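> I'll drop the sequence and a predicted model, then ask my questions.
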Amino acid sequence: EAEVAQSPRYKITEKSQAVAFWCDPISGHATLYWYRQILGQGPELLVQFQDESVVDDSQLPKDRFSAERLKGVDSTLKIQPAELGDSAMYLCASSFMGSETQYFGPGTRLLVL
Amino acid sequence: GQSLEQPSEVTAVEGAIVQINCTYQTSGFYGLSWYQQHDGGAPTFLSYNALDGLEETGRFSSFLSRSDSYGYLLLQELQMKDSASYFCAVAGGPDSNYQLIWGAGTKLIIKP
């Protein structure tokens, strides 16, 4: 069964350092989402891609976060510099264009010290 | 603003039936989704209701009333593996780029 791949699964970093997360969506899924989830809360959308184009990055803190999906397949989310408040689970999801059903990867749990 | 309300925690006994309610206030509505998330895991899709009524998938059923802005997830014959958080999410349709607006989740605790 096709799955969304993410790496790394866990990341511990010190504040002010740079971190990067990678996501490979299910083949054929044109839409890719990056979410941040804090324990006890629902996922919060950071950025949405349609193929290689950004559809919505209104909730992405652009002073420190960046995201790209250069060839419209896999994607990278970067934080530079990391802050203590960035500690959370970062989830990647993908879907067919126009579908309400999203498929999630296992996530990257980030701890900023 | 946009909001979804669901109970923060529900406790039930193994083998019993439990209902998790969700009420929503959103500017757009295309349908209501439910996702399951085990501790440390990722959300997995359970069901989607676009029309009023009950949808059944095995032990799980989901209901929607668009006029009442209300839905629920019904879990029957509860098993210990059903212990997880359950999220309702409103699908906004094409006007919102098919994004989901998520509730805060309901932690389901199952006792033997």
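Cool, the structure landed. These numbers come from a predicted model, not from an experiment.

> Leaving out the residues flanking it, which one is nearest to residue 43?
Using chain A here. A:Y35 (3.8 Å; Cβ to Cβ, 6 or more residues apart in numbering or on different chains). Where C-beta positions appear, they are placed from N, C-alpha and C, glycine not excepted.

> My question was about chain B, not that one.
Nearest one to B:P43, counting by Cβ to Cβ, 6+ apart, is B:Y35 at 4.0 Å.

> Surely that neighbour is in a strand?
Yes. Counting by DSSP: H, G, I helix; E, B strand; the rest coil, B:Y35 is found in a strand.

> who's in contact with it?
Applying Cβ atoms under 8 Å, 6 or more residues apart in numbering or on different chains to B:Y35 gives the contacts B:P43, B:T44, B:F45, B:L46, B:Y86, B:F87, B:A89.

> neighbour-wise, which of these leads?
Greatest neighbour count in these, by other Cβ atoms under 10 Å in any protein chain shown, goes to B:P43: 29 neighbours.

> Okay, now the unreliable bits of the chain?
Picking chain A for this. Applying pLDDT under 70 to chain A flags no residue at all.

> not quite, I wanted chain B
Using pLDDT under 70, the flagged stretches of chain B are B:1.

> Return the nearest residue of it with respect to chain A.
Closest approach between chain B and chain A, counting by Cβ to the nearest Cβ: B:W102, at 3.3 Å.

> ok, A:Y103 - contacts?
Residues near A:Y103 by Cβ under 8 Å, 6+ apart: A:E3, A:V4, A:I26, A:H29, A:A93, A:S94, A:S95, B:F45.

> For the third one, which non-adjacent residue is closest in space?
Across the structure, with Cβ to Cβ, 6+ apart as the measure, the residue nearest A:I26 apart from its sequence neighbours is A:A2 (4.5 Å).

> B:S8 against B:L108, yeah?
No. Look at B:S8 against B:L108 with Cβ atoms under 8 Å: they stay out of range, at 10.8 Å.

> Who has more neighbours out of these two?
Between B:S8 and B:L108, counted using other Cβ under 10 Å, the more crowded position is B:L108 (21 against 10).
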